[in-house]
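Enquirer: Just a sequence and a predicted model for now, questions to come.
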Amino acid sequence: MSDDREQRVLFSQADAQLERYVSEDQFYSDLLIRLLLEPGIVIPDIFFLISEHVRNDVRRISKRNWIARGLSEGLISPAFRDSNMNFESMYDSLITKAKIRGARSDGSGTAKLLRRVASPSRLEWAPMMGVKYRLEIEKQLRQEVDELSDASDIERILWDQSTRLRNNMIDKALNSATDLEVDGLRRGELLVALAQIAGAPETVDIGRILQYVPKSEKPVYRATALWVSEVYHLAHADALGEVRENPLVRPSFPVMMEPGSSILAKDVSAERVRNRAEESGEVRSTVVDWPTMDALLAAGPDKIIAVRKGDKGKQFIDSLVEFRKSPDNADSWDLLKTDLEAYAYDLCRAAGDPTGTKLRTAATLTTKVSGAVTALTGLGVPDSVGKIISATGVAVMAVAEVAVQRPIGSQKKKISVRGSDLVQIDAPAMLRQLKRRA
């Protein structure tokens, strides 16, 4: 039976553990694309206290204020681990009492500012989230190299070289955990175990850990730390979606160019294709004018989110949701294209950027899943220098033709991406494939 709940995206870019890979520019590019082209995004409670990007936005150090505005409009849903927790009690509950590692020294000040934001949308964690994470860690990171799906030769070498480190890290973390059957495993326990293996002082900061690692071993340590976080995001999104009162939540793999960064994304994709997809369907795409990222940022959240929450924005999201329910319906597709064009036109006007760049649906694909036709729409936005910088949605068991706008003139190059790389994960996994083949 298909699940018709609204879909939101776990915004992994707000995780402090990814800040060494996700620049401030990428953070805002991804944030705006998801705010404007998805029903909404989800940020776990602890991310508000550990992320420098979130902190700078909330405290207006970056001279922007998209997080607070997104929260107040219900486009950003905080995910709290306790039904009694809110922004007011968050810092004391997570840092003072639960002793979660990695909080910024001024995290309490950020929490105080967030208290002023009335957030109409919130999610609650599934029970025993730590247990779910432990099981996912063992499932994903205990794999042998010949179990990986669609890994390149270089990726297989890296995975093979990391086998001993991965297993030792997991064993150490399991041995130090307090109650595996109730509390499960924390990501911090795995990173502390990684530090111990490297001979570093107790820390969850991979940058500090790497200072104690020989140069020849650094790629393996960096990749292992990234995989720990990628599994964290995967388990988190899936578990949030298990709560019937929550929307469905898609995991996100935003790191694109690091060694090993595509291994788990492709492996998870292939697994979900095998488990869910029975029959592929038609590939559809369309192109509309779209404001450049610079124009959107300059216009600011008040103007831009007003369009997103206005009639044209609501009509587009409604059409997107309906199309995802019935992708085989030609009328649904035609309505989605019409509403996207009208919405994009209003955004261009609000941003003062009537020509802008081009937004193209990167993949609009259908598949029969357990007898029910479903679809997810991918939308990609080229930035002002012509690279695809962000996207939303996923592709399922088909070939997607994606237009990449070049810096010179309006030439475009079509690139084929197999849907098996993309299923049920947020589109940065797709971008890795595009950047490699462009």
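Expert: Sure thing, it's come through. Residues are numbered from 1 along each chain as shown.
Enquirer: most centrally placed residue in the protein?
Expert: Nearest to the geometric centre of the chain sits residue 252, at 2.6 Å (C-alpha atoms, centre = their mean).
Enquirer: Correct me if wrong: that residue contacts residue 8.
Expert: No. Counting by C-beta atoms under 8 Å, residue 252 stays clear of residue 8, with 10.6 Å between them. (C-beta placed from N, C-alpha, C; glycine too.)
Enquirer: Return the set of buried residues in stretch 44-60.
Expert: Buried positions in stretch 44-60, judged by neighbour count with 16 or more other C-beta atoms under 10 Å: 44-51, 53-58.
Enquirer: So which of those residues belong to helices?
Expert: Among those, the ones falling in helices (DSSP state H) are 47-50, 53-58.
Enquirer: out of those, who's nearest residue 351?
Expert: residue 57 (18.9 Å; C-beta to C-beta).
Enquirer: That closest one: what's it in contact with?
Expert: Counting by C-beta atoms under 8 Å, 6 or more residues apart in numbering, residue 57 makes contact with 64-68.
Enquirer: Just give the closest residue to it, not the sequence neighbours.
Expert: Among residues not flanking residue 57 along the chain, residue 67 sits closest, at 4.6 Å (C-beta to C-beta, 6 or more residues apart in numbering).
Enquirer: Please work out how many residues are found near the one you found.
Expert: Residue 67 is flanked by 27 other residues according to other C-beta atoms under 10 Å.
Enquirer: Quick check: it is in a helix.
Expert: Yes. The assignment for residue 67 (DSSP: H, G, I helix; E, B strand; the rest coil) places it in a helix.
Enquirer: Now do the same for the residue nearest to the centre of the chain: helix, strand or coil?
Expert: Residue 252 ends up coil, using three-state DSSP.
Enquirer: any idea how far residue 314 is from it?
Expert: In this view, residue 252 and residue 314 are 24 Å apart by C-beta to C-beta, to the nearest Å.
Enquirer: Name the residues of whichever helix or strand residue 157 is part of that come out as buried.
Expert: Using DSSP states H and E, residue 157 sits in helix 153-161. Under the neighbour-count criterion of 16+ other C-beta under 10 Å, helix 153-161 has 155, 158-159 buried.
Enquirer: Name the surrounding residues that touch that helix.
Expert: 143, 145, 148, 151, 219-220, 223, 259-260, 262-263.
Enquirer: Farthest-apart pair in these, please.
Expert: Using C-beta to C-beta, the two most remote members of the contacts of helix 153-161 are 143 and 219, lying 18.6 Å apart.
Enquirer: re earlier: drop anything exposed from the contacts of helix 153-161.
Expert: Those of the contacts of helix 153-161 that meet the buried threshold are 143, 148, 151, 219-220, 223, 260, 262-263, by 16+ other C-beta under 10 Å.
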